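Asks: From the sequence below, what's the structure:
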Amino acid sequence: SAYGSYGAVAYTPSFDGRRLALMDAGFIVGYAAVRGGGEYGRDWHRAGQLMNKPNTWHDLIDVCEHLIAEKVTSRARLAIGGRSAGGITVGRALTERPDLFAAVIDGVGWSNPLRYVAEPNGYGEEPEWGAISQEAGYKALKLIDSYQSVKDGVAYPAVLLTTGVTDPRVGPFHVGKMTARLQAATSSGKPILLRVDFDAGHGIGSTRAQQDREAADTYAFLLWQTGVEGYQPPAA
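Replies: Next comes the predicted model:
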């Protein structure tokens, strides 16, 4: 998993019982402290902000390549995930290196930042990403726009995108457009799926039952697409 935005320290030590289900199935769970986050101070944040934003997903790609080189995993078993602004990180890693991953989870992700003006809190995002009314800001936003980066005829990996209909922070149109674009563009035949929760927003205020259902769907997708025995569909 990776985030890398707003100078935030996204991953701190905690216990997540749901993750035990993945670990019991043989998964190794890791968190990448990519540039754009605040793990190493303000300079680390600035190194993944505005026109420096490509450093964020390049860091994630480097981490993944290192894990493969060290034989911790392989391309056939490697999955990445991110939520909200972390959708930029995983979305651009996906579009830049589709060959590197078996599966991608894009949770309530910011997939089409060029359209931030259509959102209630859009203009408040300009210090982090850039202002579309300025040439430099437009260029910075286009760099991070995963939707605009999808190319026809590319063999994309399996992708699960999730959204909540009442999301006040990242409008459902982001992952809706990204899902449709990937489905139309991919040549791999691997599933590009959209999970919609009609009673949820950005995850804030979701009940434990809602969180459990989303985790179950997400983990089932990961177990399926990384080839874990016992989670494959029956042979035809």
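
Asks: So what's the residue count around Tyr40?
Replies: 12 (other C-beta atoms under 10 Å). Quick note: C-beta positions are derived from backbone N, CA and C, even for glycine.

Asks: Where does the prediction get shaky in the protein?
Replies: For the chain, residues meeting the criterion pLDDT under 70 lie at 200-205.

Asks: quick one, helices of it?
Replies: 19-24, 42-46, 54-69, 86-96, 126-129, 135-144, 146-149, 173-185, 208-225 (DSSP state H).

Asks: out of these, nearest to Tyr11?
Replies: Evaluated over the helices of the chain, closeness to Tyr11 peaks at helix 86-96, with 10.3 Å, by C-beta to C-beta.

Asks: Tell me who's in contact with the closest residue to Glu125 other than its chain neighbours.
Replies: Closest residue to Glu125 apart from its sequence neighbours, by C-beta to C-beta, 6 or more residues apart in numbering: Tyr116 at 5.6 Å. Residues in contact with Tyr116 (C-beta atoms under 8 Å, 6 or more residues apart in numbering) are Gly122, Tyr123, Glu125, Trp129, Ile132, Leu141.

Asks: As JSON lines, the helices of the chain with mean neighbour count would be great.
Replies: Listed next are those as JSON lines, based on neighbours: other C-beta atoms under 10 Å:
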{"stretch": "helix 19-24", "mean neighbour count": "13"}
{"stretch": "helix 42-46", "mean neighbour count": "14"}
{"stretch": "helix 54-69", "mean neighbour count": "19"}
{"stretch": "helix 86-96", "mean neighbour count": "27"}
{"stretch": "helix 126-129", "mean neighbour count": "17"}
{"stretch": "helix 135-144", "mean neighbour count": "17"}
{"stretch": "helix 146-149", "mean neighbour count": "20"}
{"stretch": "helix 173-185", "mean neighbour count": "20"}
{"stretch": "helix 208-225", "mean neighbour count": "16"}
